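Asker: Everything below, folded, please.
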Amino acid sequence: MTTRFYLNLFALILTLAVIMLGAYTRLSDAGLGCPDWPGCYGHLDVPTSSQAVAHADANYGRPVEAAKAWKEMIHRYFAGTLGLVILAMALLALKRTGNRYQQRVLPWVVVGLVVCQALLGMWTVTLLLKPLIVTGHLLGGMTIFALLGLCLFRTRPLFHGWGTRARASLRVFAGVALALLICQIFLGAWTSTNYAALACPDFPTCQDHWWPATNFAKAFTLWHGLSVNYEYGILSSVPRQTIHWTHRLGACVIAITMIALAIKLFLQARIDRRWAALGGVLLAALALQITLGISVVVFHLPLWVAVGHNGGAALLLLTLVAINHAAWSSRSYVF
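Answerer: Residues are numbered from 1 along each chain as shown. Sure, this is the predicted structure:
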């Protein structure tokens with residue numbers, strides 16, 4: 001194992017931590033714990049002295065809540081560290097080695113995404129938690145996580161040669177499953193950023209109905225204008241339960257698709273038994289995510305369960321990336 005591999009692995013783990021810290025910050029209503037960016041009330045940490053707090057209250061129009069501010073700043077510290085680690089990965093990629101699996105372009109693509117993530121992080125605060133921006137920020141984090149996973153798989157030929165034994169139908173099915181999961185992650189993010197996680201407090205029904213009242217036009221209006229404070233949401237109950245219900249329906253589609261994909265992987269194991277391991281991991285990740293999703297509703301949004309649900313989505317995404325990479329590993333990924 002090389003330094004590049006371990007650095008990539010560390011970046012992957014750190015990205016998962018940043019995703020879960022971001023979820024923790026958002027779900028504990030600390031998204032505006034610091035009303036400015038990249039500092040906090042003009043400081044690199046949270047102001048604590050009475051004079052600094054009085055100055056912050058007067059100049060930012062928002063009282064200092066130290067607990068919320070520290071949650072936001074810790075998330076930013078971790079995100080900044082991750083950016084430096086990814087930059088180090090990209091700089092190491094400039095040095096040529098004899099490893100034909102060395103990644104030269106992909107690390108720099110991730111660096112570009114980190115820059116976009118920083119901008120989205122800034123706009124998250126300056127645009128007062130606009131749902132489209134916050135959702136984009138979450139999707140950006142998931143994208144970085146997925147690409148770091150892909151980079152890790154490519155750096156070491158973990159799935160080298162599997163693709164030569166993969167049927168074309170498996171490749172197509174795995175790609176469709178990945179696309180559907182991305183749509184479901186968007187729905188989950190949209191549910192969270194519009195404060196709709198408890199819009200349907202019962203399970204498996206919603207407001208005691210198998211098909212509740214819906215308003216898709218308002219629920220999925222992506223842009224509501226500027227100068228609006230979206231903290232705690234602005235939608236009424238019906239659009240919120242529409243978002244929640246759509247996310248549940250998406251979960252049913254994802255569950256059926258993932259189970260079907262796992263069956264195809266188990267059938268593929270007749271040719272190469274290693275495919276069964278990926279099928280087992282997929283079912284385990286799916287079972288974990290479904291359990292966490294149901295628990296969020298049944299137990300009325302326990303903070304750590306909801307945070308785990310975000311982490312579970314990331315792990316399911318990484319599993320799909322691994323399956324797709326394995327299915328296409330007969331192609332050369334060195335560029």
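Asker: pLDDT below threshold where in the chain?
Answerer: The model of the chain has pLDDT under 70 over residues 1, 57, 98-101, 156-166, 330-335.
Asker: what helix or strand is Trp304 on?
Answerer: Applying DSSP states H and E as the criterion places Trp304 in helix 303-327.
Asker: Give me the buried positions along that helix.
Answerer: By neighbour count, with 16 or more other Cβ atoms under 10 Å as the criterion, the buried positions of helix 303-327 are 305-327. Every C-beta, even on glycine, is put in place using the N, C-alpha and C of the backbone.
Asker: try stretch 37-54
Answerer: Result for stretch 37-54 [16+ other Cβ under 10 Å]: buried residues Trp37, Cys40, Tyr41, His43, Val46, Pro47, Val53.
Asker: and the second one, what does it touch?
Answerer: Neighbour list for Cys40: Gly33, Cys34, Val46, Pro47, Ala69, Glu72, Met73 [criterion: Cβ atoms under 8 Å, 6 or more residues apart in numbering].
Asker: how close does the nearest residue to it once chain neighbours are set aside get to Leu180?
Answerer: Nearest residue to Cys40 in three dimensions, chain neighbours excluded: Cys34, at 3.7 Å (Cβ to Cβ, 6 or more residues apart in numbering). Using Cβ to Cβ, to the nearest Å, Cys34 is found at 36 Å from Leu180.
Asker: For those two, indicate the residue with more neighbours.
Answerer: For Cys34 versus Leu180, neighbours defined as other Cβ atoms under 10 Å are more numerous around Cys34 (28 against 17).
Asker: measure the more buried one to Ile185 for me?
Answerer: Counting by Cβ to Cβ - Cys34 and Ile185 are separated by 26 Å.
Asker: Tell me where the longest helix sits in this structure.
Answerer: Counting by DSSP state H, the longest helix found in the chain is helix 237-268.
Asker: and the angle from the helix or strand Gly279 falls within to helix 303-327?
Answerer: Following DSSP H and E, one finds Gly279 within helix 274-298. Calculated by axes from the mean of the first three to the mean of the last three Cα atoms, to 10 degrees, helix 274-298 forms an angle of 160 degrees with helix 303-327.
Asker: Tell me how many other residues crowd Arg62.
Answerer: 14.
Asker: Next, it: secondary structure please.
Answerer: coil (DSSP: H, G, I helix; E, B strand; the rest coil).
Asker: Which residue, neighbours along the chain excluded, lies closest to it?
Answerer: Pro35 (4.9 Å).
Asker: wait, is the one you found part of a strand?
Answerer: No - counting by three-state DSSP, Pro35 is located in no strand; its state is coil.
Asker: Can you verify my assumption that Ala276 contacts Ile263?
Answerer: No - using Cβ atoms under 8 Å, Ala276 makes no contact with Ile263, being 11.0 Å away.
Asker: For the residue nearest in space to the middle of the chain, give me its contacts.
Answerer: Centroid-nearest residue in the chain: Met142, 3.5 Å away (criterion: Cα atoms, centre = their mean). Met142 sits next to Ile19, Ile185, Ala313, Ala314, Leu317 when contact means Cβ under 8 Å, 6+ apart.
Asker: Could you identify the helix or strand that succeeds the helix or strand encompassing it?
Answerer: Taking DSSP H and E as the definition, Met142 sits inside helix 131-155. Next along the chain after helix 131-155, taking DSSP H and E as the criterion, comes helix 168-193.
Asker: any idea of the angle that next one forms with helix 237-268?
Answerer: Calculated by the same axes, to 10 degrees, helix 168-193 forms an angle of 150 degrees with helix 237-268.
Asker: Could you list every helix and strand in contact with helix 168-193?
Answerer: In this structure, helix 168-193 makes packing contacts with helix 3-27, helix 131-155, helix 237-268, helix 303-327, judged by 3 or more Cβ pairs under 8 Å, 6 or more residues apart in numbering; DSSP states H and E.
Asker: Kindly calculate the angle that the first one makes with helix 131-155.
Answerer: Meaning helix 3-27. 160 degrees.
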